[in-house]
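Visitor: predicted model and sequence follow; I will ask about them next.
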Amino acid sequence: MVDADQTFVIVGGGLAGAKAAETLRSEGFSGRVILICDERDHPYERPPLSKGYLLGKEERSSVFVHEPAWYAQNDVELHLGQTVDAIDRAAKTVRFGDDGTIVRYDKLLLATGAEPRRLDIPGTDLAGVHHLRRLAHAERLKGVLGHLGRDNGHLVIAGAGWIGLEVAAAAREYGAEVTVVEHGPTPLHRVLGPELGMIFADLHREHGVRFHFGARLTEITGQDGMVLAARTDDGEEHPAHDVLAAIGAAPRTGLAEAAGLEIADREHGGGIVVDERLRTSDPDIFAVGDVAAFPLGLFDTRLRVEHWANALNGGPSAARAMLGQDVVYDRMPYFFTDQYDLGMEYSGWAPPGTYDQVVIRGDAGKREFIAFWVKEGRVLAGMNVNVWDVTDPIQRLIRAKARVDTEALADPHVPLDSLVP
């Protein structure tokens with residue numbers, strides 16, 4: 001039973017936390033809502049940081065989830081630039097890290113997100129070494145790319161995942177020279193596998209990006225505090241004025257671990273274990289977004305998903321669960337990217353080893369196609385590249401879990417919906 005005397009605390013001021021606060025109010029919760037954000041900026045969305053905002057095509061104000069005045073207007077107590085360093089589950093309190101303030105909660109939502117993995121090599125203390133996770137990172141990197149473009153400078157990117165490739169595309173649009181060092185055999189190998197990874201490799205090569213596969217950075221060399229080059233474990237040396245570490249992100253679970261909440265193993269992403277209602281092992285504490293490892297019965301696994309759609313949809317679901325509503329969070333993983341003239345949407349889950357066939361519908365050479373990852377005739381995932389308005393039928397195919405005729409699946413003249421039982 002929820003009443004006006006209750007206090008709901010949200011730790012984490014990203015998209016998931018902000019949407020949770022919004023939903024609490026839109027669902028009629030009249031108690032205290034406290035939103036604690038460790039950044040000094042108001043809650044914002046992250047995709048523009050490596051896309052439109054980084055490219056200078058979107059204004060800074062466009063990244064924010066709400067207008068700054070929204071929080072006061074909706075009686076959301078927003079604490080910017082504040083951290084929480086302890087949860088006392090017995091007393092149902094959180095403690096602020098800067099001044100030790102204690103706040104009691106009736107329900108607590110952890111939306112602490114993830115942080116970029118660091119390169120553990122010599123030279124990472126040089127001024128030209130960057131990460132991209134926060135708005136401040138994007139602002140700095142935006143200036144760096146402009147400078148590199150004007151001076152024909154060199155950017156080395158460690159990692160050919162989504163962030164690495166999106167920044168590579170942005171850097172080339174600015175005119176910078178770009179080398180991507182990736183220990184896998186193709187870009188995005190752990191997400192798309194070799195078949196589709198090479199399509200992204202070819203796309204970037206056509207735009208002047210150089211790849212160095214099968215290697216890792218071992219040292220960043222410099223002089224007078226500035227980057228000069230990046231060395232790899234196979235003896236190569238790449239000229240560099242700046243280096244971007246884009247080797248993934250780790251869930252920020254330290255607060256939850258210290259409080260004794262259950263944490264998923266590394267195989268399942270290492271996030272905070274939640275049930276289908278996004279509840280942790282403590283029934284009064286919930287977790288959502290990048291930090292939560294939730295059960296997905298469709299694939300009979302537990303997943304931690306770092307993409308925008310998970311935060312957008314998970315925040316409201318967590319809020320409704322905190323209010324005692326009957327919630328089952330089973331959103332299918334979905335993400336998108338824009339690189340040069342390529343736009344893509346991906347639905348499902350099919351890492352290498354889980355599928356036995358990739359079916360292409362359309363023209364992969366022209367980069368206008370849909371790819372399906374299939375196992376024993378069942379569609380596990382689908383990716384539409386420069387083909388639009390097909391996400392819903394792709395997701396219906398995946399949820400159906402029925403065998404499909406792969407020849408019909410590959411035929412653009414056969415409507416996708418006709419393949420859904």
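Guide: Looks like it arrived, so ask away. The model shown is predicted, which means the values in this text are computed figures rather than measured ones. Residues are numbered from 1 along each chain as shown.

Visitor: where in this protein is pLDDT low?
Guide: For the chain, the stretches flagged by pLDDT under 70 are 1-2.

Visitor: hey, where'd the helices end up in it?
Guide: Assigned by DSSP state H, the chain shows helices spanning 15-26, 47-50, 69-73, 135-151, 162-174, 189-206, 254-258, 308-322, 391-400, 406-410.

Visitor: tell me the buried residues in the last one?
Guide: Okay, so that is helix 406-410. Within helix 406-410, the residues scored as buried using 16 or more other Cβ atoms under 10 Å are residue 409. C-betas here are computed from N, CA, C, even on glycine.

Visitor: hang on, the earlier thing: can I get the helices of the chain in CSV with distance to residue 385?
Guide: What follows is those, written out as CSV (distance: least, Cβ to Cβ, whole Å):
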stretch, distance to residue 385
helix 15-26, 25
helix 47-50, 18
helix 69-73, 36
helix 135-151, 25
helix 162-174, 14
helix 189-206, 8
helix 254-258, 37
helix 308-322, 18
helix 391-400, 12
helix 406-410, 15
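
Visitor: so which of the ones you listed gets nearest residue 102?
Guide: Smallest distance to residue 102 across those (Cβ to Cβ): 15.0 Å, for helix 254-258.

Visitor: list of residues touching the closest one?
Guide: Residues outside helix 254-258 that contact it (Cβ atoms under 8 Å, 6 or more residues apart in numbering): 11, 84, 85, 86, 87, 110, 112, 263, 272, 280, 287, 291.

Visitor: among those residues, the buried ones, what's the ChimeraX command?
Guide: Command for ChimeraX that selects the buried part of the contacts of helix 254-258, burial taken from 16+ other Cβ under 10 Å:
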select :11,84,87,110,112,263,272,280,287,291
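
Visitor: tell me who's in contact with the nearest residue to residue 297 once chain neighbours are set aside.
Guide: In space, residue 297 comes closest to residue 330 once its chain neighbours are excluded; the distance is 6.5 Å by Cβ to Cβ, 6 or more residues apart in numbering. Counting by Cβ under 8 Å, 6+ apart, residue 330 touches 276, 296, 297, 298.

Visitor: same check on residue 418?
Guide: residue 408.

Visitor: kindly recompute the last result at 10 Å.
Guide: Contacts for residue 418 (Cβ atoms under 10 Å, 6 or more residues apart in numbering) come out as 393, 408.

Visitor: from residue 393, how far out is it?
Guide: Taking Cβ to Cβ, to the nearest Å as the measure, residue 418 falls 9 Å from residue 393.

Visitor: go ahead and confirm residue 150 touches residue 176.
Guide: Yes. Residue 150 lies in contact with residue 176 (Cβ atoms under 10 Å); the separation is 9.2 Å.

Visitor: mutual contacts of the two, please.
Guide: Common contact partners of residue 150 and residue 176 (Cβ under 10 Å, 6+ apart): none.

Visitor: more neighbours: which of those two?
Guide: residue 176 (25 against 11; other Cβ atoms under 10 Å).

Visitor: which residue, other than its chain neighbours, is closest to that one?
Guide: The spatial neighbour of residue 176 that comes closest, neighbours along the chain excluded (Cβ to Cβ, 6+ apart), is residue 148 at 3.7 Å.

Visitor: give the contact list for that neighbour.
Guide: Counting by Cβ under 10 Å, 6+ apart, residue 148 has contacts 128, 154, 155, 171, 174, 175, 176, 177, 178, 240, 241, 242.

Visitor: for residue 337, state which of those residues is nearest.
Guide: residue 171 (15.3 Å).

Visitor: list the residues that contact that closest one.
Guide: 54-55, 141, 144-145, 148-149, 153-155, 157, 177-178, 208-209, 242, 244.
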